[in-house]
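Q: Predicted coordinates and the sequence they were generated for:
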Amino acid sequence: MAKKKGNLRWVFLIFIVIEIALVLISSGFNKELEIGIKSGKLVIRNIPSHYDLQEKITEDFQRDEFLIKNTRIHLYEIHDHDEDFKKFAEYFASDNPVMNKAFSLINEGLQSHLRDSNSIWNPSIKTELINELNKKVISNPEFYESGFKDYIPKEHTAEIKYYLEELVKETPNLTDLDVSRLNRVVIEGVIPETILSRQEHLPGIYGSYKAYQICRTLFGEASALGAFYLIRMLLIVDIIFLLLIIFLKKSLSGKPSKGQLIMEMIYKTFEDFVSDTLGKDKVNFTPYIVTIFLFIWICNMVGLIPIPGFMEPTRNINVPLGMGIIVIIVVHFTAIRVKGLWGHFEHYLNPIKNPLAALDIVSEFSKVISISFRLFGNILGGAIIIVVVSSLVSYIVLPVGLNLFFGMFVGTVQAFVFTMLALTYIGVEIAE
């Protein structure tokens with residue numbers, strides 16, 4: 001037994017040494033492996049990577065804000081006092097017909113800087129130039145006739161066609177995001193990839209701009225992608241929940257399986273909690289309490305599935321807040337059934353019997369905030385910490401320990417805490 005412990009200790013120490021070594025050397029990694037399908041061909045290549053932790057957090061947790069920010073033209077690969085910016089200026093002032101049209105719109109001060117190869121490109125001049133590039137006037141249908149279409153990548157053709165068709169209408173159905181996206185594609189089509197970083201995140205859902213338009217109409221531009229991916233994850237959680245129920249129902253037998261024993265143990269544990277909190281005559285609340293626990297627990301665990309795009313729905317404030325509102329509604333509905341309508345609300349509406357009635361009303365709202373933000377903050381905080389630590393090792397080593405802690409341990413604890421608070425709120429209201 002001692003020998004096994006010694007072997008495990010060595011394995012653990014070796015793993016720590018490797019992890020530390022990777023942390024020390026990972027700052028030198030400036031490329032990433034790209035694997036996928038492009039223009040109908042399998043692409044496997046190393047590409048220069050621009051990694052910014054703040055952008056990564058925004059991309060993972062604020063999809064729509066990331067899309068809007070990156071739709072604007074930005075110069076990742078162009079730095080101060082660098083030859084690259086002179087190359088950029090040369091391309092911008094070249095004889096290219098598309099750029100000539102754009103160049104003619106730039107103010108005289110910027111034109112002189114573009115012509116003068118010895119100009120100092122300080123940040124303020126760069127910002128002014130980018131603002132000019134982002135102006136709506138560049139998104140002119142005339143560009144399409146001036147040879148612009150020859151520079152547009154095939155994968156953007158349908159999208160650009162839609163933009164240009166809208167532009168010629170009296171009342172174009174284009175948002176500022178659409179116009180900025182069109183501006184960016186114009187510039188990207190002309191300036192080489194080595195000079196201007198590419199727009200990697202298109203305003204589309206599963207590659208479909210029409211699907212994105214539908215979500216934008218339903219949820220607004222500021223939350224179109226976030227709402228879609230949240231609903232998708234909730235549907236996945238519901239499917240997992242239903243499959244779990246079907247599997248357990250079919251496996252029920254006189255000789256319980258391990259899965260059945262685990263579920264019976266969970267159910268019996270919560271049944272005891274309900275019995276102790278509400279009384280033995282209220283054990284009919286057990287299915288409701290167990291459902292809350294299992295739903296939140298599956299939501300917290302689904303982020304551990306190693307599939308790109310999978311996330312915990314509970315790290316979006318709408319899910320915990322919705323659950324908190326449902327809990328408080330059930331609490332008051334139960335209290336009305338037990339005490340009667342006036343018997344329950346007299347406590348809040350009768351200032352003579354309860355001088356602090358106003359504070360009690362505020363307290364009910366604070367319960368929703370408290371129970372919701374506790375769950376939301378812990379799950380979101382854990383997810384951000386995992387991203388931060390992963391970035392330290394350039395995602396070469398998966399921080400298994402952090403995933404297990406924040407995913408399984410904290411996720412289980414927070415599901416349990418939320419459930420027990422819901423049970424406690426019911427107990428307080430019907431204690432009489």
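A: Thanks, I have the structure now. Note that the structure is a prediction, hence the values are computed from the model and not measured. Numbering: from 1, shown residues only.

Q: Now P351, what are its backbone angles?
A: Per-residue torsions, P351: phi -70, psi -20 (degrees, to the nearest 10).

Q: Let me see the contact set for it.
A: Contact partners of P351, counting by Cβ atoms under 8 Å, 6 or more residues apart in numbering, are 357-358. Where C-beta positions appear, they are placed from N, C-alpha and C, glycine not excepted.

Q: what is the rounded mean pLDDT of whichever strand or helix holds I239?
A: According to DSSP states H and E, I239 maps onto helix 224-250. In this model, helix 224-250 carries a mean pLDDT of 89.

Q: Moving C-terminal from it, which element do we reach first?
A: Immediately after helix 224-250, counting by DSSP H and E, sits helix 258-278.

Q: Please find the angle between the direction vectors of that next one and helix 224-250.
A: Angle, helix 258-278 to helix 224-250, by axes from the mean of the first three to the mean of the last three Cα atoms, to 10 degrees: 100 degrees.

Q: Quick one: list the elements packing against helix 258-278.
A: Contacts defined by 3 or more Cβ pairs under 8 Å, 6 or more residues apart in numbering; DSSP states H and E place helix 258-278 against helix 224-250, helix 286-301, helix 410-429.

Q: neighbouring contacts of it?
A: By Cβ under 8 Å, 6+ apart, helix 258-278 touches 247-248, 251-253, 256, 282-283, 285-286, 289-290, 293-294, 419-420, 423-424, 426-427, 430.

Q: Try it again at 7 Å.
A: For helix 258-278, contacts defined as Cβ atoms under 7 Å, 6 or more residues apart in numbering pick out 248, 251-252, 256, 282-283, 285-286, 289-290, 293, 423-424, 426-427, 430.

Q: Farthest pair within the residues you listed?
A: Spanning the widest gap among the contacts of helix 258-278 are S251 and I430, at 35.6 Å by Cβ to Cβ.

Q: quick one: buried residues of the longest helix seen in the chain?
A: Longest helix of the chain, by residue count under DSSP state H: helix 357-392. Under the neighbour-count criterion of 16 or more other Cβ atoms under 10 Å, helix 357-392 has 357, 367-368, 371-372, 374-376, 378-380, 382-383, 386-387, 390, 392 buried.

Q: Would you agree N173 falls within a strand?
A: No. Read with DSSP: H, G, I helix; E, B strand; the rest coil, N173 is coil and lies in no strand.

Q: Kindly provide the distance from it to H344.
A: 50 Å (Cβ to Cβ, to the nearest Å).

Q: ok, those two, which is more surrounded?
A: H344 (19 against 10; other Cβ atoms under 10 Å).

Q: wait, the more buried one sits on A335?
A: Yes. Using Cβ atoms under 7 Å, H344 is in contact with A335, at 4.5 Å.

Q: And for L243, the neighbour number?
A: Neighbour number of L243 under other Cβ under 10 Å is 10.

Q: Sketch out the low-pLDDT regions of the stretch 301-432 of the chain for me.
A: 393-401, 431-432 (pLDDT under 70).

Q: one more time with 80
A: Along the stretch 301-432 of the chain, the model assigns pLDDT under 80 to residues 306-309, 343-358, 360, 389-407, 430-432.

Q: got a list of what the residue lying closest to W297 once chain neighbours are set aside touches?
A: Nearest residue to W297, sequence neighbours excluded (Cβ to Cβ, 6 or more residues apart in numbering): A415, at 4.1 Å. Each residue near A415 by Cβ under 7 Å, 6+ apart is listed here: 293, 296-297, 300.

Q: closest to I231 among the contacts of helix 258-278?
A: Closest to I231, out of all of the contacts of helix 258-278 and judged by Cβ to Cβ, is F293, at 22.5 Å.

Q: how about S251, phi and psi?
A: Dihedral angles (degrees, to the nearest 10) for S251: phi -90, psi 0.

Q: Just send the helices and strands packed on helix 258-278 back as JSON lines, with distance to I205 too.
A: As requested, these are exported to JSON lines (distance: least, Cβ to Cβ, whole Å):
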{"stretch": "helix 224-250", "distance to I205": "6"}
{"stretch": "helix 286-301", "distance to I205": "22"}
{"stretch": "helix 410-429", "distance to I205": "27"}
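
Q: do you know which of those lies nearest R72?
A: helix 224-250 (16.4 Å).

Q: Count the neighbours of the residue lying closest to S223 once chain neighbours are set aside for me.
A: Of all residues not flanking S223 in the chain, D64 sits nearest, at 5.6 Å (Cβ to Cβ, 6+ apart). Other residues near D64 number 22, with proximity taken as other Cβ under 10 Å.
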